[in-house]
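Engineer: Quick one, structure for this:
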Amino acid sequence: MTSVSAVFNNTIRQPRGDVPGRPSGSSGRLRSILATREGWIATALLLTMILSTVASVDRGRWATGTEIVYGLAIGAFVVGGVLLHVRVKGPIALALGLVLGLTVVYVQVGHLLPPVEDWSRLARMTARGTWIWLTDPVMREASAKGASVRSATGALTSVPPLWTVGGAFVAFGNGAADFGYRIALWVQQGSSGKAVTDNTVFLMTIGVIAWVQGLAGAWGLYRRQDVVLASLPTAIVLGTNATYTGDARAPFAIFLITLLLLAVTLNVASLQRRWHVLNVAFPSGLLFDVTVSSFVVICGLALLALMGPRLGENPVSNAFWEYMGEQWTDMENASNRFFSGVNNPQKNSGAGRDRLTLSGPVKLTQRIVMTIASAEPEYWRGASYDVWTGKEWITSDRSPVTRTDKQPVIAGRFTRREKITADITIQQSKSDLLYVPDEPTTLSVSYRMYAASPDAAVVDFSAIRARRPAIPSLRYQVDAFASRASAEELRAAPLDNPEWVKRYTQLPDVPQKVRDLALTLGRGRKTAYDRATTVEQFLRRYPYTLDIKAVPADRDAVEYFLFDSKQGYCDYFATSMVVLLRAQGVPARLATGYVTGTLDPTSGQYIITEEEAHSWPEVYFPTYGWIAFEPSGYRPAIVRPEVPVSGTYAETPDCYEYGYSTFGECGDNGDPSTLVGPIADDQSASFVPGFLDFAWSAAADVAGWVAWAITGVIGAIAVGVGAYRYGGDYLERRRPPREAVLHAYWQLTFFARLIGFGPPASQTPMEFAASLDQRMNDAFTRPTNRFMRQLREAVGPPTGTPGVIAAVYARTLYGGAIPTDQERRSVEETWRNL
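Structural biologist: Here you go, the predicted structure:
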């Protein structure tokens with residue numbers, strides 16, 4: 001059996017010798033590869049591998065315009081297939097391909113050419129303008145000066161500038177120069193320490209990467225026939241993209257299946273070329289048969305790989321982040337400054353992404369995220385968002401401000417605050433996000449906070465990040481001031497907000513139904529605090545659930561939640577409250593992180609798991625700062641004293657201890673159905689997932705995986721059988737007579753071995769056919785076991801004679817005769833009868 005090392009190192013890397021019967025020369029070799037079955041199979045597999053990877057990059061939503069990667073990857077593969085078969089040295093062909101790729105990417109990203117649909121119209125305009133410019137001096141001069149000429153009717157007509165070939169080149173050159181100026185400006189801004197939001201260079205980068213994938217694939221397949229060279233760039237791109245997006249199951253499965261099939265295909269193709277040289281007979285359909293059968297086996301292995309256990313901790317990765325984490329993070333920070341306009345698609349529970357999209361159902365596990373030693377339970381904020389688009393939240397704070405552990409975050413600036421200290425240990429996490437309570441003042445580690453500008457005097461920030469990810473863990477201490485303001489004090493807060501707070505009152509084009517609801521809830525509430533508590537109590541009546549449908553593409557997420565679905569999880573509750581308050585002119589923002597977990601009495605620490613991931617609104621009150629509210633009915637309400645007293649937060653499972661006029665009095669007149677219509681009665685706002693719910697969910701997940709595995713195996717088998725059946729028939733009809741006869745004899749011996757009637761090494765083809773004919777007749781006429789009896793009853797005795805196939809085979813192989821069409825039909829009919 002051929003070993004894996006032979007597949008990857010020996011047979012695949014055999015030089016491409018000329019195969020007898022194939023066209024010679026570079027163009028002949030290219031036609032040979034693209035025309036033969038093994039060439040098409042390998043080409044299709046490699047293209048599938050590359051396109052699945054570039055599709056995962058496009059689906060990562062890094063930036064607008066990433067769909068260019070599809071055309072660039074395919075174009076590079078075609079260009080590579082042509083360049084690498086011309087009569088030039090390989091390095092020169094590769095260099096030409098790279099230069100051509102840079103040119104194509106520059107033109108495409110810079111939009112230097114008009115849209116394809118305008119090419120025909122512009123070609124006619126250019127041809128007409130050029131002809132007039134060459135043949136009519138009067139029109140040429142009038143067009144150049146912008147003057148008017150007298151028409152045949154005597155009227156003066158202004159002459160627009162003529163669009164000529166020369167003008168087209170000038171316009172192209174001007175566009176190229178402008179695009180080059182944008183790149184130079186990008187370099188200048190990034191080098192000066194400013195955050196650059198222009199994604200042009202990023203699009204060029206991923207465009208070049210897609211081109212390199214296609215070009216390297218063509219180089220490895222056509223020039224070197226090396227599956228490692230052909231797939232290595234694709235593997236690097238897939239791994240890098242999966243590291244940041246976390247979405248790798250489907251692309252990895254496709255990559256693994258196509259990689260192994262490509263190795264099998266190239267190995268068999270290499271063996272076939274060797275057999276041709278040695279004049280060794282083999283069935284012409286061997287490559288197709290091996291590929292189909294390998295597909296079923298490889299699909300099963302891929303499913304096992306996806307479903308198998310995963311390594312909890314990687315010692316190599318832990319060592320890298322332990323000793324090189326800060327240096328790597330510094331490099332990432334520099335790239336983040338140059339590409340600050342690029343989205344961060346990393347999917348972490350809790351917080352930390354540059355954007356938060358209101359999506360469909362979510363599943364949270366009981367994996368421990370962090371442990372916290374603190375005297376007071378708090379909300380542990382990771383990130384906040386200020387820009388709402390109607391579908392998702394985005395943070396506009398893209399400027400990192402570096403601080404050491406001895407420098408304060410922000411000096412204490414609000415009143416009615418109590419100092420607290422927390423010792424936090426974040427468990428294994430790829431994120432470098434630090435979680436802090438309320439208003440942090442100092443941290444025990446070096447950090448970066450993200451603000452609207454890189455100025456040293458930061459007054460507001462959206463996130464604090466460490467110098468390295470929490471691999472294998474990250475421990476730090478944070479001092480903060482937690483608000484202890486009473487309801488009376490918050491009601492009496494001044495109304496004049498500072499200038500930097502105005503961005504937290506901005507809204508996109510909000511549906512009128514949402515604005516009307518906001519005005520209704522705010523009617524009669526003269527203070528920001530009363531408006532906030534009214535909206536909070538109103539939303540707490542909505543059912544809480546993690547299993548919801550995604551927002552339709554043409555709908556505003558808040559409107560859909562408030563008036564249609566009327567149920568959701570914390571992201572929907574917090575977003576709705578922020579939008580309803582901003583519609584009333586109250587500054588508010590969305591915060592994400594974790595709520596207080598379970599107190600471990602042994603260690604005295606709070607254990608926080610993924611299930612404590614949460615989002616909540618924060619409202620700004622002058623003098624008192626950002627104050628958290630809890631509109632999610634699933635979580636206990638935040639209770640504040642009505643009048644100023646010394647004390648801490650308390651939690652109650654029901655509602656606030658103090659009441660409000662129309663809405664908010666523990667259920668009295670607080671039914672949201674009076675404003676938004678009926679809400680389902682079979683769901684409770686105080687939903688708590690118990691043990692049975694958790695067990696049922698876990699069982700459903702396991703059953704779902706098993707069902708998907710069984711479905712995948714059955715689907716792979718069905719695809720393999722179908723491909724073998726119909727693809728085999730198609731290939732059989734296209735085989736030359738000689739190959740058809742050789743393949744028929746191979747099938748005869750193959751199936752004879754399956755039933756124990758295989759040919760001994762000492763028999764000639766005719767002797768084997770006579771022996772097989774006798775043994776088959778004996779078995780069918782005098783069946784000795786149950787299987788043969790059932791087979792005879794089902795299909796009857798065989799009507800074909802193996803001697804017909806053996807005779808034509810012997811004359812073809814040993815006599816060198818070309819089978820006639822009549823002999824071919826006879827062989828095919830005999831095989832069908834057998």
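Engineer: Every contact and neighbour count from this point should use C-alpha atoms.
Structural biologist: Fine.
Engineer: domain assignment for the protein?
Structural biologist: 344-688, 735-833 (automatic domain parsing).
Engineer: can you list those domains in TSV and add mean pLDDT, mean neighbour count and distance to residue 221?
Structural biologist: Output for the domains of the chain, formatted as TSV (pLDDT from 0 to 100; neighbours: other CA atoms under 10 Å; distance: least, CA to CA, whole Å):
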stretch	mean pLDDT	mean neighbour count	distance to residue 221
domain 344-688	82	19	33
domain 735-833	74	16	25
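Engineer: Figure out which of these is closest to residue 114.
Structural biologist: Comparison of the domains of the chain against residue 114 by CA to CA identifies domain 344-688 as nearest, at 29.7 Å.
Engineer: would JSON lines of the domains of the chain with distance to residue 132 be doable?
Structural biologist: Converted to JSON lines, the domains of the chain look like this (distance: least, CA to CA, whole Å):
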{"stretch": "domain 344-688", "distance to residue 132": "50"}
{"stretch": "domain 735-833", "distance to residue 132": "59"}
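Engineer: closest to residue 292 out of those?
Structural biologist: Judging those by CA to CA, what sits closest to residue 292 is domain 735-833, at 15.6 Å.
Engineer: start to end distance for stretch 216-227?
Structural biologist: Taking CA to CA, to the nearest Å, the first and last residues of stretch 216-227 lie 11 Å apart.
Engineer: I misspoke; the intended subject was stretch 540-559.
Structural biologist: 16 Å.
Engineer: And stretch 187-206, by the same measure?
Structural biologist: Stretch 187-206: ends 17 Å apart by CA to CA.
Engineer: what do you get for stretch 52-69?
Structural biologist: 11 Å.
Engineer: Show me which residues of that stretch are buried.
Structural biologist: 52-54, 56-58, 60-63, 66-69 (16 or more other CA atoms under 10 Å).
Engineer: Leaving out chain neighbours, which residue sits closest to residue 201?
Structural biologist: Nearest in space to residue 201, with sequence neighbours left out and distances taken as CA to CA, 6 or more residues apart in numbering, is residue 183 at 6.8 Å.
Engineer: Phi, psi for the one you found please.
Structural biologist: phi -70, psi -40 (degrees, to the nearest 10).
Engineer: Which pLDDT value goes with it?
Structural biologist: Here the pLDDT value assigned to residue 183 is 84.
Engineer: wait, isn't it in contact with residue 203?
Structural biologist: No - using CA atoms under 8 Å, residue 183 makes no contact with residue 203, being 11.6 Å away.
Engineer: shared neighbours of those two, which are they?
Structural biologist: Between them, residue 183 and residue 203 share no contacting residue under CA atoms under 8 Å, 6 or more residues apart in numbering.
Engineer: ok, those two, which is more surrounded?
Structural biologist: Using other CA atoms under 10 Å, the more surrounded residue of residue 183 and residue 203 is residue 203, with 25 against 15.
Engineer: for that one, what are its contacts?
Structural biologist: 63, 65-66, 109.
Engineer: Which member of these is positioned nearest residue 815?
Structural biologist: Closest approach between those and residue 815, by CA to CA: residue 66, at 60.5 Å.
Engineer: tell me, how many neighbours does residue 211 end up with?
Structural biologist: Residue 211: 30 surrounding residues under other CA under 10 Å.
Engineer: Show the average pLDDT along the helix or strand containing it.
Structural biologist: Assigning secondary structure by DSSP states H and E places residue 211 in helix 200-218. Taken as a whole, helix 200-218 has a mean pLDDT of 88.
Engineer: Beyond it, next helix or strand please.
Structural biologist: Next along from helix 200-218, by DSSP H and E: helix 227-245.
Engineer: Now do the buried residues in that following helix.
Structural biologist: By 16+ other CA under 10 Å, the buried positions in helix 227-245 come out as 227-231, 233-235, 237-239, 241-242, 244-245.
Engineer: helices or strands up against that helix?
Structural biologist: Applying 3 or more CA pairs under 8 Å, 6 or more residues apart in numbering; DSSP states H and E, we find helix 227-245 packed against helix 37-59, helix 200-218, helix 249-278.
Engineer: among those, which is the most enclosed?
Structural biologist: helix 200-218 (a mean of 25; mean count of other CA atoms under 10 Å).
Engineer: Next, the angle helix 227-245 makes with that one.
Structural biologist: 150 degrees (axes from the mean of the first three to the mean of the last three CA atoms, to 10 degrees).
Engineer: quick one on the thing from earlier: closest to residue 546 among the buried residues of helix 227-245?
Structural biologist: residue 245 (21.8 Å).
Engineer: That closest one touches residue 61, doesn't it?
Structural biologist: No - with contact defined as CA under 8 Å, residue 245 does not reach residue 61; the gap is 9.3 Å.
Engineer: quick one, strands of the stretch 301-450 of the chain?
Structural biologist: In the stretch 301-450 of the chain, the segments counted as strands under DSSP state E, counting those that start in this stretch are 355-357, 368-374, 380-385, 387-388, 392-394, 399-403, 417-426, 436-437, 439-443, 447-451.
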